[in-house]
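Quick one: sequence plus predicted model below, questions after.
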Amino acid sequence: MSKPRVVLGVGGGIAAYKACEVLRGLTESGHDVRVVPTEAALNFVGAATFEALSGHPVHTGVFTEVPEVQHVRVGKEADLVLVVPATANLLAKAAHGIADDLLTNTLLTARCPVAFFPAMHTEMWEHPATRDNVALLRSRGMIVTEPDSGRLTGVDTGKGRLANPAEIVDLAKLLLARPDALPRDLEGVRVVVSAGGTREPLDPVRYLSNRSSGKQGYALARVAAQRGADVTLVAAHTVALPDPAGATVRHVSTAEEMRQAVHAAAAEADVVVMAAAVADFRPANRADHKIKKSDDQPDPVITLDRNADILAELVRNRRSGQVVVGFAAETGDAQGSVLDHARTKLKRKGADLLMVNAVGDGKAFGTEDNSGWLLGSDGTEIPIPLGAKAELASTLWDAVVSFMKR
Ligand code: CTP
């Protein structure tokens, strides 16, 4: 199979240096990337850097390699076009069909998904001209992602920061696998997603926890934010993951902290997805000092207390019309298959949807992929083939959207 062909357009903003990391992430995961910077972008990163990292020559204008008709060919041959960073100027040109360099020509000739990753000062992002240009591009089926909030150039902070490069690579792979994965069908929908594994302290330095990486919950929050939802991510402990652009993140540690944060956010939410691995038990006593071993004393015995089942509480206190989604990690055994256990759990938990992952043998925990079934309380059973966690996230949001329409 030939490598997927990605055009990486680079706009003239300081965040252009982060395009190098996106480029590296894509080439290292087997993509053929052609970089098309604007003239202004080359003020920030030299063409030689893009050429060395992509293995292809880099041009900005339409008057190089003229017989190759590059201004048409580059766009037509692409499987995906990304613009990283998309400046206010580039969004304006794209919205109005201005084609005065190789990148803007490419945007007009591409027939594959085109995704802009904006980066600009908050004032520029919020200006009515930019708002209108973004709306126009989205109305034509182009993807203009939500920028991150945080530190901008100089002393400013606010909305308009480029999404994290790892997140851009993840969304690019999602669009290559599923060109229709990011419709703006969750605009105005308030979503809560929990992620990661809780830690239940034994003493100031030790805790009980689990192997959850948080990747699935983060992918759900990321995809929902890019489909237009107002997302609160309640994150327990995860491997190092960038905060999803466009989401509000609340960091928690214990199951009880997660419980408080999820219920506070759920009180206003239309959809709650419990993807977190919440500890079912916590040590009954938390020592104030580090527990010491001693030859004179018997070894300590840990007694456990039961934590509240947050999902069950959500189902009990559900607002009218609220959709509640649970996750279940299951293994088959002598009593039944993964699917048998999952059907029973869906009934027991009373959730609207239950995403069931088959676990064991290295499956699901910490990996990039997931598989299983998505079970609905209406009897629907959608098999989820092995695929990236972002792909599973987009299938889950499709199911939530059809649930909300009923
Ligand atoms: N969950 C929760 N609160 C807990 C434990 C789990 O909200 N204290 C949620 C998880 O986030 C997940 C779902 O419940 O969405 C399923 O968790 P799981 O541990 O698989 O189910 P249990 O009810 O604990 O069943 P089991 O007996 O199989 O452990």
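Thanks, I have it.

what's next to stretch 289-308, contact-wise?
With contacts defined as CB atoms under 8 Å, 6 or more residues apart in numbering, stretch 289-308 is touched by 200, 202-206, 255-256, 259, 278-285. C-betas here are computed from N, CA, C, even on glycine.

Stretch 323-339 now?
By CB under 8 Å, 6+ apart, stretch 323-339 touches 216, 270-275, 277, 311, 314-315, 318, 340-342, 344-346, 349, 351-360, 364-365, 372-373, 381, 396, 400, 403-404.

Name all residues that make contact with residue 171.
115, 145, 163, 182, 222, 226, 390 are the contacts of residue 171 under CB under 8 Å, 6+ apart.

How confident was the prediction at it?
What the model reports for residue 171 is a pLDDT of 97.

Which helix or strand lies directly C-terminal to the one helix or strand it maps to?
For residue 171, the element it lies in under DSSP states H and E is helix 165-177. Note on helix 165-177: by DSSP H and E, the next helix or strand toward the C-terminus is strand 190-195.

now check the next helix or strand along the chain from that next one, is it near the ligand?
Next helix or strand after strand 190-195 toward the C-terminus (DSSP H and E): strand 200-201. No. Counting by CB under 6 Å from any ligand atom, no contacts exist between strand 200-201 and the ligand, the nearest distance being 10.7 Å.

Residues contacting strand 200-201, please?
Contacts for strand 200-201 (CB under 8 Å, 6+ apart): 207-209, 254-255, 279, 281-283, 286, 307.

now stretch 72-83
Contacts for stretch 72-83 (CB under 8 Å, 6+ apart): 4-11, 22, 34, 36, 90, 94, 102-103, 105-117, 168, 172, 175-176.

6 Å instead?
For stretch 72-83, contacts defined as CB atoms under 6 Å, 6 or more residues apart in numbering pick out 4-9, 106, 109-110, 112-116, 172, 175-176.

Only C-alpha atoms, please: export it in PDB.
C-alpha atoms of stretch 72-83 as PDB (Å, rounded to 0.1, in the frame of the first residue of the first chain):
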ATOM      1  CA  VAL A  72      -3.000  22.200  -9.300                       C
ATOM      2  CA  ARG A  73      -1.200  18.900  -8.800                       C
ATOM      3  CA  VAL A  74      -0.200  19.300  -5.200                       C
ATOM      4  CA  GLY A  75      -3.800  19.800  -4.100                       C
ATOM      5  CA  LYS A  76      -5.300  17.200  -6.400                       C
ATOM      6  CA  GLU A  77      -2.900  14.400  -5.300                       C
ATOM      7  CA  ALA A  78      -3.300  14.900  -1.600                       C
ATOM      8  CA  ASP A  79      -5.300  12.600   0.700                       C
ATOM      9  CA  LEU A  80      -5.400  15.300   3.400                       C
ATOM     10  CA  VAL A  81      -4.400  19.000   3.600                       C
ATOM     11  CA  LEU A  82      -3.500  20.500   7.000                       C
ATOM     12  CA  VAL A  83      -2.700  24.100   7.600                       C
END
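
quick one: that stretch to chain centroid distance?
Offset of stretch 72-83 from its chain centre (CA atoms, centre = their mean, to the nearest Å): 24 Å.

which parts of the protein sit against the ligand?
Residues of the chain found near the ligand (CB under 6 Å from any ligand atom) are 255, 274, 276, 278, 280, 307, 309-311, 326-329.

can you do 8 Å?
194, 255, 259, 262, 274-280, 307-314, 325-330, 341, 345, 348-349, 351, 354 (CB under 8 Å from any ligand atom).

still on that earlier bit, ok, the contacts of residue 171 vs residue 189, which is closest?
Comparing the contacts of residue 171 against residue 189 with CB to CB picks out residue 226 as the nearest, at 12.8 Å.

what residues are up against that closest one?
With CB under 6 Å, 6+ apart, residue 226 has these contacts: 145, 182.

Alright, I will stop here.
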